[in-house]
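Peer 1: build the 3D model from these lines:
(one chain, ligands or ions: 1)
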Amino acid sequence: HSSSLLAIVSHAKEYGFIYPSSEIYEGLQAVYDYGPYGAALKRNVQNLWWQSMTQLHSNIVGMDAAILMHPRTWKASGHVDSFEDLMVDNKDSKKRYRIDVLIENHAAELSAQGEKTRAQELLEKLQALLQAEELAGLHTLLLQEKIVCPISRTANWTEVHRFNLMFATKVGAQEENADTIYLRPETAQGIFVNFLNVQKTARMKVPFGIAQIGKAFRNEIVARQFIFRMREFEQMEMQFFIQPGSEEKWFNYWQQARWQWHIALGLTEEKLRIKPHAQLAHYAKAAVDIEYQFPFGYKEIEGIHARSDFDLKNHEVASRKKLQYFDPELNQNYLPHVIETSLGSDRLILMLLCEAFTEETITEEESAKTRTYLKLHPALAPIKAAIFPLVKKDNLPQKAQEIFKSLKYDFPLIYEENQSIGKRYARQDLIGTPYCITIDHQTLEDDTVTLRERDSMQQERVHVNILRDFLLEKVSF
Ligand code: ATP
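Peer 2: Now for the predicted structure:
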């Protein structure tokens, strides 16, 4: 299983999608940089989400809040006091672990050894202790189960302690007087504090939504699943403000709508599932996750949460500013309730790469070779078409450049005249380019080109003047 993740990690690096951050200094754990094709893929994914929210719903508008916010925001939102994981340190290795992950991994080991009942009991104990926030009980469980540190193989643990996931920094020039501020751990609060600004200035009526795409930061401790869990990542969040009492209706609506969106991306339906939360976050009244079957198991990609009026109410109390909405239909003031859909751009990209990464064996005259390609939907592919003159002479490059120029305003393209045509096709397969257009001697006579499709490798002869409409149709959903 993990071998297929490793293959994706190295493919992503080798072909310009994703590199470890500051790699020349050995990288920074759980932080990654997007290369040319990765950055284009991320933009395509984000544009698609943005469009599906703000363009396809007349009652959803977008915004773009700052990463830095007034420190009282995070006190009011509950993040200063409860956005934390329970940790334990091994005294010998000096390594820090999330207690739930240690115990879950131990349960998985037991299960693999055939001790399924014991594993199940252990997980139930874990849930109960987490729910009751029984820190001492968790420590006892570690010792009773003789859970050892994966590195030092000793069971020499510190007490279980809380660890806040927010990154803190100082604002202002003088350290001693400076205020502690945080890098936002979620984009949602930028929406809540602007709720009335947006409602009034865009003249929105409940029910309405505010969508935002932006960076979020969490000092995650478990960090070895590539871009699945990062310390700096991007979220695509939409907060939908509704009348109190209509939560169930809208919770179901958004669960359905988000499910359909993922299916429309062309994902294998069998690999997706909806999972209700066993444990609710501090703000949530009801919550489900959309999960995808990654090479390392089913994991969350998007959360749909009923947040009640938790956030607006807390900001109203903390800021002493009225955040109530006047509902002209009910002729009444109230704090709207919120249904949130929260999706990570990076996790979505990891899911798309897992789905797209294809290794196929092709047999050609006795010999077999492997063809690797990215089966990305043309709408998401970083490059839509590559333009190749068959040879570097006889005016073919000029003709190819002419075609390139006629299409470059509408599509991201690659022009390539070096290497054999087979190698050029293979290279485009690796970055997921859905179409290759080859210009040969016949093109000079009749303006036809060879159009080659990535997945089927089918080639057909088409007239140049259909290319634009053809690509336009293919690169949209
Ligand atoms: P997890 O349980 O995996 O830590 P979460 O429940 O804390 O996730 P939310 O707070 O609901 O996640 O965040 C919403 C979405 O943001 C997640 O579904 C995920 O796609 C994304 N996300 C959250 N944390 C990270 C991270 N560290 N790296 C990348 N994406 C993240």
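Peer 1: tell me who's in contact with E360.
Peer 2: Each residue near E360 by Cβ atoms under 8 Å, 6 or more residues apart in numbering is listed here: T370, R371, T372, Y373. Where C-beta positions appear, they are placed from N, C-alpha and C, glycine not excepted.
Peer 1: name every strand pairing with the one helix or strand G303 maps to and say which way it goes.
Peer 2: For G303, the host element (DSSP states H and E) is strand 297-308. Partners of strand 297-308 in the sheet, by DSSP bridges, are strand 286-294 (antiparallel), strand 337-344 (antiparallel).
Peer 1: and whichever helix or strand comes after it with strand 337-344, angle?
Peer 2: Counting by DSSP H and E, the next helix or strand C-terminal to strand 297-308 is helix 310-319. For helix 310-319 against strand 337-344, the angle by axes from the mean of the first three to the mean of the last three Cα atoms, to 10 degrees is 110 degrees.
Peer 1: extract the C-alpha trace of helix 310-319 and format it as CSV.
Peer 2: Extracted as CSV, the C-alpha positions of helix 310-319 are listed here (Å, rounded to 0.1, in the frame of the first residue of the first chain):
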residue,chain,number,x,y,z
PHE,A,310,-21.6,29.0,18.2
ASP,A,311,-19.1,31.3,16.4
LEU,A,312,-21.3,34.3,15.9
LYS,A,313,-22.5,34.2,19.5
ASN,A,314,-19.0,33.9,20.9
HIS,A,315,-17.8,36.8,18.7
GLU,A,316,-20.8,38.9,19.8
VAL,A,317,-20.0,38.3,23.4
ALA,A,318,-16.3,38.9,23.0
SER,A,319,-16.5,42.0,20.8
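Peer 1: tell me if Q212 really is in a helix.
Peer 2: No - under DSSP: H, G, I helix; E, B strand; the rest coil, Q212 sits outside any helix and is assigned strand.
Peer 1: neighbours of it, how many?
Peer 2: Using other Cβ atoms under 10 Å, Q212 is surrounded by 20 other residues.
Peer 1: again with the one 5 residues further on
Peer 2: A count of nearby residues for F217, using other Cβ under 10 Å, gives 19.
Peer 1: ditto for L330
Peer 2: 10.
Peer 1: same check on E232?
Peer 2: That count, for E232 with other Cβ under 10 Å as the rule, works out to 16.
Peer 1: repeat for E366
Peer 2: E366 has 5 neighbours, counted by other Cβ under 10 Å.
Peer 1: got a list of what whichever residue of the chain sits closest to the ligand touches?
Peer 2: Residue of the chain nearest the ligand, by Cβ to the nearest ligand atom: G344 (2.5 Å). When contacts are counted by Cβ under 8 Å, 6+ apart, G344 touches F233, E234, Q235, M236, I301, E302.
Peer 1: so the helix or strand hosting the third one versus strand 337-344, what angle?
Peer 2: Pointing back at Q235 there. Taking DSSP H and E as the criterion, Q235 maps to strand 232-242. Strand 232-242 and strand 337-344 are oriented at 160 degrees to each other (the same axes, to 10 degrees).
Peer 1: secondary structure class for the nearest residue to L267 once chain neighbours are set aside?
Peer 2: Among residues not flanking L267 along the chain, E355 sits closest, at 5.8 Å (Cβ to Cβ, 6 or more residues apart in numbering). Three-state assignment for E355 (three-state DSSP): helix.
Peer 1: around the ligand, which positions in the stretch 251-400 of the chain sit nearby?
Peer 2: Contact residues, the stretch 251-400 of the chain versus the ligand (Cβ under 6 Å from any ligand atom): E300, I301, E302, G303, S342, L343, G344, D346, R347.
Peer 1: if you set the cut-off to 5 Å instead, what comes out?
Peer 2: E300, G303, S342, G344, D346, R347 (Cβ under 5 Å from any ligand atom).
Peer 1: circling back: closest one of the contacts of G344 to R203?
Peer 2: Nearest to R203 among the contacts of G344: M236, at 24.3 Å, using Cβ to Cβ.
Peer 1: so the closest one touches K42, yeah?
Peer 2: No - with contact defined as Cβ atoms under 8 Å, M236 and K42 do not form a contacting pair (10.6 Å).
Peer 1: anything in contact with each of these two?
Peer 2: Joint contacts of M236 and K42 (Cβ under 8 Å, 6+ apart) are S345.
Peer 1: and the helix or strand hosting I414, what does it pack onto?
Peer 2: Using DSSP H and E, I414 sits in strand 413-415. Counting contacts by 3 or more Cβ pairs under 8 Å, 6 or more residues apart in numbering; DSSP states H and E, strand 413-415 packs against strand 385-389, helix 396-407.
Peer 1: need the winner for burial among those.
Peer 2: Among these, strand 385-389 has the highest mean neighbour count (mean count of other Cβ atoms under 10 Å), at a mean of 25.
Peer 1: any idea how far that strand is from the chain center?
Peer 2: 31 Å (Cα atoms, centre = their mean, to the nearest Å).
Peer 1: try stretch 145-165
Peer 2: With Cα atoms, centre = their mean, you get 30 Å for stretch 145-165.
Peer 1: how about stretch 260-271?
Peer 2: Distance, centroid of stretch 260-271 to centroid of chain: 15 Å (Cα atoms, centre = their mean).
Peer 1: now that stretch - C-alpha only, PDB.
Peer 2: Taking Å, rounded to 0.1, in the frame of the first residue of the first chain, the C-alpha atoms of stretch 260-271 are listed here in PDB:
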ATOM      1  CA  GLN A 260     -22.100  15.100  -5.900                       C
ATOM      2  CA  TRP A 261     -19.300  17.500  -6.500                       C
ATOM      3  CA  HIS A 262     -16.700  14.900  -5.700                       C
ATOM      4  CA  ILE A 263     -18.400  12.400  -8.000                       C
ATOM      5  CA  ALA A 264     -18.500  14.900 -10.800                       C
ATOM      6  CA  LEU A 265     -14.700  15.200 -10.600                       C
ATOM      7  CA  GLY A 266     -14.700  11.700 -11.900                       C
ATOM      8  CA  LEU A 267     -13.700  10.000  -8.700                       C
ATOM      9  CA  THR A 268     -14.300   6.300  -8.200                       C
ATOM     10  CA  GLU A 269     -17.600   6.200  -6.200                       C
ATOM     11  CA  GLU A 270     -16.600   3.000  -4.400                       C
ATOM     12  CA  LYS A 271     -13.500   4.800  -2.900                       C
END
